[in-house]
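**Q** My questions concern the predicted model and sequence given below.
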Amino acid sequence: MTKEVLLAITGMQFDLTAEESNIQTITAAEYYERNNSRYVLFEETDEESGQKTKGMLKFKDNLLEVTKSGFVNVHMIFEENKKSLTDYATLFGNILIGIDTRKITLTEEEHKICLDVEYALEANYEFLADCKINIEISERES
């Protein structure tokens, strides 16, 4: 895998009413490997305010960490069959987020890596939604 990649993240939520909502982000990113872990560095821009957030994905086997700093600040840990808690810091205050990860699937092809994550999302100890994240990391064409 080359250093310069495209990162596509698709998030799907299924709330208590079985309503589905999807969010997709595609951005240029940097990929590298270090100490048996893989990293993807990227930057997001908030559509309303134009403010930027730096992001990092760190993953290996059945573990994914998502760290964001800037407009939004959070460090989320997705580890298969485990629950983690984190503060999701926004301009409007902090929200305690619970992530109950059910399954992480990592697949690799010659020029692409895919991560699929299934988890339950809680806010302040209350169930919000069943969620899925699909992450595709692919080499940028020259």
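**A** Okay, I see it.

**Q** for the spatially most central residue of the chain, what are its contacts?
**A** Nearest to the mean C-alpha position of the chain, counting by Cα atoms, centre = their mean, stands residue 66 at 5.2 Å. With contact taken as Cβ atoms under 8 Å, 6 or more residues apart in numbering, residue 66 is in contact with 55-57, 74-76, 78. From N, CA and C alone the C-beta is placed, and that goes for glycine too.

**Q** who's in contact with the closest residue to residue 46 other than its chain neighbours?
**A** Closest residue in space to residue 46, ignoring its immediate chain neighbours: residue 71 at 5.1 Å, by Cβ to Cβ, 6 or more residues apart in numbering. Applying Cβ under 8 Å, 6+ apart, we find residue 71 in contact with 46, 49, 51-53, 91.

**Q** And the closest residue to residue 51 other than its chain neighbours, what's its pLDDT?
**A** Among residues not flanking residue 51 along the chain, residue 71 sits closest, at 4.0 Å (Cβ to Cβ, 6+ apart). Looking at residue 71, its pLDDT reads 81.
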